[in-house]
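Participant: Below is the structure, and that's it, no one-letter string:
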C-alpha cells in the first residue's frame, strides 16, 4: 500500500505540474529553507509530454552557493565526489564537496579559466582565457599545455571542452576572453573562431570546423557519433550538429534555433551536456533548456539568474548542477549524464 500511495502521489504531482503556466519568471521562493518550495517544483516544466519521464515529483531545486562574479564550467569528479567550476572574473576555481555541501576555493589563480572537464585518467582539463590555451593539471601539481596555437597563431580564448574515448581533447575557441579585461586580457584575434581537436600524445592540433560564428558549448552524443556545438554569435544563435567520421566531422547543420517558450524570442545555448537518451541539456534563458535528439525543445528549468553551464554529477550521475551568474544550483532529475564529466 505505501508503494501504491507513493506512486499515486508522484503521478498526481507530475500531472499538476503540467498545468503550471509556462513563464520565463521563476517561482517566488525563500532560498533559506524557512519557507520551502512545495512539491512538485514549479520551475521544472515539461514543454512536451516527452519530458515528463525526466521529472521527479518529490524533489526541488537547491541553491548551493552564491557570490561568484560569473560562474561557468562545472565538471564532476566521481572519485573525489566533488564538482569544480570557474568564477572567470575572479580568476579562481571553486569546489563543491558532496559529502558535506562545503564550498572551497580550489585553484587561485586559475588562468581566468572557463570550461573544465576530466580525462579518462581523472586529470582535470581547463580552458584558460588568460593564457589563451587548454591545459591539463598533473598529479604532481604541474601544468601541461595541451594547445595554445594553431598554425603558429595564438588561439583566441578556449571556452568549452570534452574528451573523446580515443584520448583526444575537443574544444571551442570563440573570442570572448580577449574582448576586454574582465574575463581575461584584451587582445586582437589572430584566428577565426573555430572548433579544434588536440591529440595530447602527439601534440597535434587539428581544426574540425570554422563553420560557426561563435562556438561556445560542446558535447558528444552518447555513442560519440555526433558533435553538438552551441553557436552564440550574432549570426548564429543556434545549436548545430555534425557527424563524427574518425578524427573529422562532416554534414554540419542546424539542429534547432533556440527560442524562449513564452515570447518566441531567439535565445541561445551556452554550455551543453547530453544524457544517456541523447537529449541535450544546456544553459539558455530563462534558465536551462532541454532539447531532444530530433531538435525539439521538450523541457525547461527556470532559474532566477542567467544560466551559463550545466553538468551531471552525483553517485548515479542524475544530479544536474547549474552555474548561473552569481549562483550554483542543483536538481535531481530522472536522467543520467552520458559522459564522464
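Facilitator: Sure thing, it's come through. Computed from a predicted model, the values in this text were never measured in an experiment.
Participant: quick one: the helices in the stretch 151-300 of the chain?
Facilitator: In the stretch 151-300 of the chain, no helices are defined using DSSP state H, counting those that start in this stretch.
Participant: what ranges do the strands span in it?
Facilitator: Here the stretch 151-300 of the chain has its strands, by DSSP state E, counting those that start in this stretch, at 153-154, 161-163, 169-173, 194-199, 204-209, 215-220, 226-231, 238-245, 248-256, 272-274, 280-284, 287-291, 297-302.
Participant: Summarise which helices and strands the last one is packed against.
Facilitator: Using 3 or more CB pairs under 8 Å, 6 or more residues apart in numbering; DSSP states H and E as the contact definition, the elements that strand 297-302 packs against are strand 44-46, strand 287-291. C-beta: built from backbone N, CA, C; applies to glycine.
Participant: show me what contacts residue 271?
Facilitator: 72-74, 115, 160, 216-217, 230, 282-283, 308-311, 323 (CB atoms under 8 Å, 6 or more residues apart in numbering).
Participant: quick revisit: let me have the strands of the stretch 151-300 of the chain in JSON lines, extended by mean neighbour count, distance to residue 141 and mean pLDDT.
Facilitator: Shown next, in JSON lines, are the strands of the stretch 151-300 of the chain (neighbours: other CB atoms under 10 Å; distance: least, CB to CB, whole Å; pLDDT from 0 to 100):
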{"stretch": "strand 153-154", "mean neighbour count": "14", "distance to residue 141": "26", "mean pLDDT": "98"}
{"stretch": "strand 161-163", "mean neighbour count": "24", "distance to residue 141": "21", "mean pLDDT": "98"}
{"stretch": "strand 169-173", "mean neighbour count": "26", "distance to residue 141": "20", "mean pLDDT": "98"}
{"stretch": "strand 194-199", "mean neighbour count": "21", "distance to residue 141": "22", "mean pLDDT": "98"}
{"stretch": "strand 204-209", "mean neighbour count": "17", "distance to residue 141": "25", "mean pLDDT": "98"}
{"stretch": "strand 215-220", "mean neighbour count": "25", "distance to residue 141": "28", "mean pLDDT": "98"}
{"stretch": "strand 226-231", "mean neighbour count": "25", "distance to residue 141": "32", "mean pLDDT": "98"}
{"stretch": "strand 238-245", "mean neighbour count": "18", "distance to residue 141": "34", "mean pLDDT": "97"}
{"stretch": "strand 248-256", "mean neighbour count": "14", "distance to residue 141": "35", "mean pLDDT": "97"}
{"stretch": "strand 272-274", "mean neighbour count": "26", "distance to residue 141": "28", "mean pLDDT": "98"}
{"stretch": "strand 280-284", "mean neighbour count": "27", "distance to residue 141": "31", "mean pLDDT": "97"}
{"stretch": "strand 287-291", "mean neighbour count": "26", "distance to residue 141": "35", "mean pLDDT": "97"}
{"stretch": "strand 297-302", "mean neighbour count": "22", "distance to residue 141": "37", "mean pLDDT": "96"}
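Participant: For residue 48, find the nearest of the ones you listed.
Facilitator: strand 297-302 (4.7 Å; CB to CB).
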